[in-house]
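Student: Fold the stuff below for me.
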Amino acid sequence: MSNIGSWHITAANNNAAPPDGWPEGQPPSSVNNCAREMMAQIKTQWNDAAWFNYHPSAAGNVSLVSQNVIAVASLTYGVSNVYVVGRRLKVISNAVTIYGEIATASLTASAAYHVTMTPDSGTLTSTVTSVMASILDPINSAVPGGTTTGTGNLKAINQANAFAGGEWLYLNAGVYTVASNASVITAEVVGRVSFSPAPTGAGFSLLMGGYITGDSGLVAGTVYFLDTAGAQTAVPPTAVGTVVMPLMVADDTTTGVMIKYRGELIVAAALQAYDVAFIAGFSAVMAAEDVAVQNYGQLVMARTGSFTGEAGYADTAPTDADLIVDVLKNGVTIYATLPEFADGANTLTAGVLKTDGTEDFVAGDRITFAVTQIGATNAGQGVRFTVTATSALV
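Tutor: This is a model prediction of the structure:
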């Protein structure tokens with residue numbers, strides 16, 4: 001009896017001469033032969049049940065058009081329903097069995113149906129004698145979440161796109177879109193566009209987990225993170241507002257293992273006040289006395305931060321000249337314009353901080369508070385001065 005793949009879904013059409021069919025009026029002596037042949041063909045199919053040969057008579061039904069491109073004959077139930085992008089194939093070419101996936105499948109201008117196969121290894125370059133398709137349909141798979149293949153969890157997606165193999169995607173209101181580390185929304189990666197089968201303008205295969213193949217330029221042991229525009233990078237982002245999203249760990253130059261962790265949003269460091277106070281014009285018992293032009297305070301900074309301003313008060317205001325103060329870092333003033341107590345004023349007129357980095361400090365920087373000018377008639381007495389700063393909260 002002919003192979004199961006040649007049996008007809010209309011019972012009356014299974015009427016070939018015994019033992020290949022059950023024609024009307026067949027002699028009684030042929031019935032047992034037909035029954036035994038049918039049992040043999042069912043058992044043959046069962047022994048390789050993962051695959052089905054829709055064209056059991058290869059002659060005139062399957063042929064190699066060019067490297068990895070096979071022409072297949074029409075089928076009663078629609079050849080396009082069988083040979084769909086992402087479906088696994090088992091092809092016998094020149095007595096060698098080659099496995100792979102359908103990369104493209106379409107009707108040509110000459111009304112021939114051409115299937116382009118991406119082999120797992122090797123190429124189709126000689127006579128094709130058998131083409132078998134996986135019983136798992138990647139479009140309407142019986143496996144939850146897509147078709148499980150040797151390269152991970154692969155799901156065929158019918159969506160117009162301009163994706164390239166290797167791009168990472170997220171779902172934007174139900175539409176697959178290239179992912180980016182620019183925000184927590186765009187960094188919610190759901191998978192990667194498969195290299196094989198390659199994406200087409202009408203659809204693509206989404207790798208949602210497992211082992212990644214077909215990449216290039218990877219370094220074994222390196223973790224790769226989401227970059228912008230669906231790309232990956234070995235350098236995690238550092239900018240505030242971006243997301244550190246680990247994607248895969250390479251185990252070779254072209255392969256790696258996909259990892260699934262939530263990304264971490266980079267936020268601005270919380271700042272805390274880090275103010276430093278000085279005094280000038282006080283006696284040993286803290287009685288107000290005239291200030292003098294001299295250094296009044298020294299300290300060393302214990303952390304990193306930035307000076308942000310100042311506040312001050314003089315118990316006795318200077319007269320006939322301003323009382324001017326300064327803060328120096330490692331001997332260099334932090335001011336573009338020095339703060340001062342104006343002639344006759346008890347309150348401080350703020351200075352203008354430099355913006356060239358001198359206003360920033362790190363642990364170990366030496367800070368000096370000094371009076372650089374005093375009042376002419378009354379020098380000024382009892383000066384309290386605080387330089388304000390911020391430092392990262394730890």
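
Student: make it CA atoms for all contacts and neighbour counts henceforth
Tutor: Noted.

Student: Going by neighbour count, list what's buried in stretch 332-349.
Tutor: 333-335, 338-349 (16 or more other CA atoms under 10 Å).

Student: er, stretch 171-187 I mean
Tutor: Residues of stretch 171-187 classed as buried: 171, 176-184, 186-187 (neighbour count, 16+ other CA under 10 Å).

Student: again with stretch 114-128
Tutor: 114-119, 123-124, 126, 128.

Student: who touches it?
Tutor: With contacts defined as CA atoms under 8 Å, 6 or more residues apart in numbering, stretch 114-128 is touched by 62-64, 66-72, 83, 89, 91-94, 98-108, 196-197.

Student: among those residues, which are in strands?
Tutor: Among the contacts of stretch 114-128, the members falling in strands (DSSP state E) are 62-64, 66, 69-72, 89, 91-93, 98-107.

Student: returning to that earlier point: now, which of the buried residues of stretch 332-349 sits nearest L271?
Tutor: I334 (20.4 Å; CA to CA).

Student: State the distance from the closest one to I374.
Tutor: Separation of I334 from I374 (CA to CA, to the nearest Å) stands at 20 Å.

Student: Kindly report the same for N161.
Tutor: 75 Å.

Student: Looking at these two, which is more packed in?
Tutor: Of the pair N161 and I374, I374 is the one with more neighbours under other CA atoms under 10 Å, namely 25 against 15.

Student: D320 is in contact with that one, correct?
Tutor: No - shown here, I374 and D320 do not form a contact pair, counting by CA atoms under 8 Å, at 9.4 Å.

Student: so where's this structure shaky on pLDDT?
Tutor: The model of the chain has pLDDT under 70 over residues 1-2, 57-60, 75-78, 109-111, 138-152, 393-394.

Student: The residue sitting nearest the centre point of it pairs with what?
Tutor: Centroid-nearest residue in the chain, with CA atoms, centre = their mean: L226, separated by 3.0 Å. L226 forms beta bridges with Q232, as assigned by DSSP bridges.

Student: can you tell me which residues contact it?
Tutor: By CA under 8 Å, 6+ apart, L226 lies in contact with 168, 179-181, 187, 232-233, 236, 244-247.

Student: Can you list the neighbours in contact with stretch 162-182?
Tutor: Residues outside stretch 162-182 that contact it (CA under 8 Å, 6+ apart) are 186-196, 198-201, 215, 226-232, 237, 241-245.

Student: Please repeat the previous calculation with a cut-off of 7 Å.
Tutor: By CA atoms under 7 Å, 6 or more residues apart in numbering, the residues outside stretch 162-182 that reach it are 186-195, 198-199, 201, 226-231, 241-244.

Student: And stretch 293-312, by the same measure?
Tutor: Applying CA under 7 Å, 6+ apart, the contact partners of stretch 293-312 are 278, 280, 347-348, 350, 359-374, 384-392.
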